[in-house]
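Engineer: Could you work out the structure for the sequence below:
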Amino acid sequence: NDVTPTGAEPTPAFDNYGLKIAGALGTMPEHMLNMDLSIYGEFSSQLGLNMLSLSGDVYHLTSINDRGEGGFWSSTFFQWEKQGEKHHVYSGGMALHLDMFALTGDPKNNYKVIDAEFYAESGGLNKWFFHAGDPDNRGTLEFNLLPLPKISTTGYFMAGHDLPSDLPIPQRVMDILDDPSTSDGDNSFDNPAPVSKNGEERSDWDKQLSQSAKGLAFGATLDASAEIDAFLLYGRLSAFCGFDINITQDPKRTCYIPGEGDFAPGYNDWYARGQVYAGLEGALGIEFRFCKKDYDIRLLELAAAIMAGGGGPNPVWVEGRAGVYYSVLNGLFEGHKQFDITIGDKCVPAYTDPFSGIDIVYETYPTDGQMSVSPFVNPTASFILPINESFTLPVMEDDGSTTDMSFKLNLDEFLVEGAKDIGSDGLSGAHLI
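Structural biologist: Now for the predicted structure:
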């Protein structure tokens, strides 16, 4: 695109100053607690002290010389920022790691136990949240001490704004329950929105669509597994259970029930959802080598799971499914069966207009109407839906069924206009088009 020069010559303003102090601290003896911390402060001629942050790594039960060799450690970050005379932002986060003998965090992720973050804003959007994990990134704690069964637990806790308004169905449960060709009922387990049929995680834009609620959300899982290998015979057994609870307020949430149309569910935009599930998987077989060839004969395979979920008030509904799968002698005899139950009409989103209630633009910087915008600012915009990429949204038909339709959004122009009258400080207001 052609750019027409305005003739204005921006004048740089050097009015921000920073000071950073870093050092190592510890207790006596040092293996109880030692840390590397840094403190950073920023000053401006207009706001005075406008930013203060604290960051560093904290180590427990390990000496300075033994860092990185297990133990309990964390990375922390806390920040206060003054964005205006009455606009303050407080934010921070912490990543916990644990590697102590039989008790560890996630061994595939540097033994991380959980990520936690908080955010509070006053004078601006007046929003706040505390997130310790989320349904898609749960905290993990494992206990593995042979010959005892391996035990793993995951969980998350979220409060405040930016909460998911849906409940993801674990893929492990869906692997057992999701076989609509043999189910004897009809409920949303045959087409669960949170988990795709191919097992992929929800896309980033799909997560942002669900993060419009505020309230409380938490959940946990427990998994125990054991294996035996006795000469030719082997066996594997695992059992799991879990729950998710979501109590949120979302004024944009709508329900569609065939024959009743669209309506706002819950009480004063508050709606509760919950689900519980449990399952069992096992295999017994023989492994051997004969004539330079390996053989694996599965004598018996068995998998069973049960799940129930519900919501309320207005509407109040409960649905559940139990499923079982078995296979004998490498599939010589096998079967798969589900049993469904549905009580009440489930609150499902109204997809007649796939873009109804969706704000395509997530946020912009500078914001529309923002004052005191530097001429050196780099304007940015983020979108809830992908730009210049194809994506799929479900559209509800007249009979209540849903059809996936493909869409593609194109960004035609992104323009930031300054106010006509520029102040003596060389700054102006912003108007987005």
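
Engineer: Now that residue 275 has come up, it's in contact with residue 241, right?
Structural biologist: No. The pair residue 275 / residue 241 is not scored as a contact, 11.6 Å apart, by Cβ atoms under 8 Å. Every residue, glycine included, has its C-beta placed from N, CA and C.

Engineer: Select the helix or strand of this protein having the lowest average pLDDT value.
Structural biologist: Ranked by mean pLDDT, DSSP states H and E, the weakest helix or strand in the chain is helix 204-210, scoring a mean of 41.

Engineer: Give the buried residues for the next helix-or-strand element following that helix.
Structural biologist: On the C-terminal side of helix 204-210, the closest following helix or strand by DSSP states H and E is strand 213-230. The neighbour-count check on strand 213-230 (16 or more other Cβ atoms under 10 Å) flags 213-221, 223-226 as buried.

Engineer: Stretch 91-100 now?
Structural biologist: 92, 93, 94, 95, 96, 97, 98, 99.

Engineer: More neighbours: which of residue 275 and residue 241?
Structural biologist: A direct count of neighbours by other Cβ atoms under 10 Å for residue 275 and residue 241 places residue 275 higher, at 22 against 16.

Engineer: who's residue 151 bridged to?
Structural biologist: residue 143, residue 224 (DSSP bridges).

Engineer: what's the spacing between it and residue 223?
Structural biologist: The gap separating residue 151 from residue 223 is 7 Å, by Cβ to Cβ, to the nearest Å.

Engineer: you'd agree residue 336 is up against residue 325?
Structural biologist: Yes. Taking contacts as Cβ under 8 Å, residue 336 lies within contact range of residue 325: 4.6 Å.

Engineer: Compare those two and say which is more crowded by neighbours.
Structural biologist: A direct count of neighbours by other Cβ under 10 Å for residue 336 and residue 325 places residue 325 higher, at 20 against 15.

Engineer: who does the more buried one bridge with?
Structural biologist: residue 303, residue 336.

Engineer: same deal with residue 277?
Structural biologist: Assessed by DSSP bridges, residue 277 has beta-bridge partners residue 242, residue 307.

Engineer: I'd like to check which residues are in contact with it.
Structural biologist: When contacts are counted by Cβ atoms under 8 Å, 6 or more residues apart in numbering, residue 277 touches 169, 170, 173, 241, 242, 243, 305, 306, 307, 308.

Engineer: So what's the residue count around the second one?
Structural biologist: Counted with other Cβ under 10 Å, the burial measure for residue 170 works out to 21 neighbours.

Engineer: can you check the first one too?
Structural biologist: Neighbourhood size, residue 169 [other Cβ under 10 Å]: 21.

Engineer: Residue 309 versus that one, what's the distance?
Structural biologist: 8 Å.

Engineer: Quickly list what's touching both of the two.
Structural biologist: Contacts common to residue 169 and residue 309, judged by Cβ under 8 Å, 6+ apart, are residue 275.

Engineer: can you list the weak-confidence ranges in the stretch 51-200 of the chain?
Structural biologist: Applying pLDDT under 70 to the stretch 51-200 of the chain picks out residues 68-69, 165-166, 178-200.

Engineer: could you redo the last one with a cut-off of 50?
Structural biologist: Scanning the stretch 51-200 of the chain for pLDDT under 50 picks out 179-200.

Engineer: For it, which segments count as helices?
Structural biologist: Here the stretch 51-200 of the chain has its helices, by DSSP state H, counting those that start in this stretch, at 171-177.

Engineer: returning to that earlier point: from the contacts of residue 277, list just the buried residues.
Structural biologist: Looks like the contacts of residue 277 have 169, 170, 173, 241, 242, 243, 305, 306, 307 buried, using 16+ other Cβ under 10 Å.

Engineer: Wait, the third one touches residue 279, no?
Structural biologist: Yes. Under the contact definition of Cβ under 8 Å, residue 173 touches residue 279, with a separation of 6.1 Å.

Engineer: how about residue 344, phi and psi?
Structural biologist: phi 80, psi 180 (degrees, to the nearest 10).

Engineer: Provide a list of residues in contact with it.
Structural biologist: Counted by Cβ under 8 Å, 6+ apart, residue 344 has contacts 315, 316, 317, 318.

Engineer: Number of residues surrounding residue 389?
Structural biologist: Neighbour count of residue 389, defined by other Cβ under 10 Å: 10.
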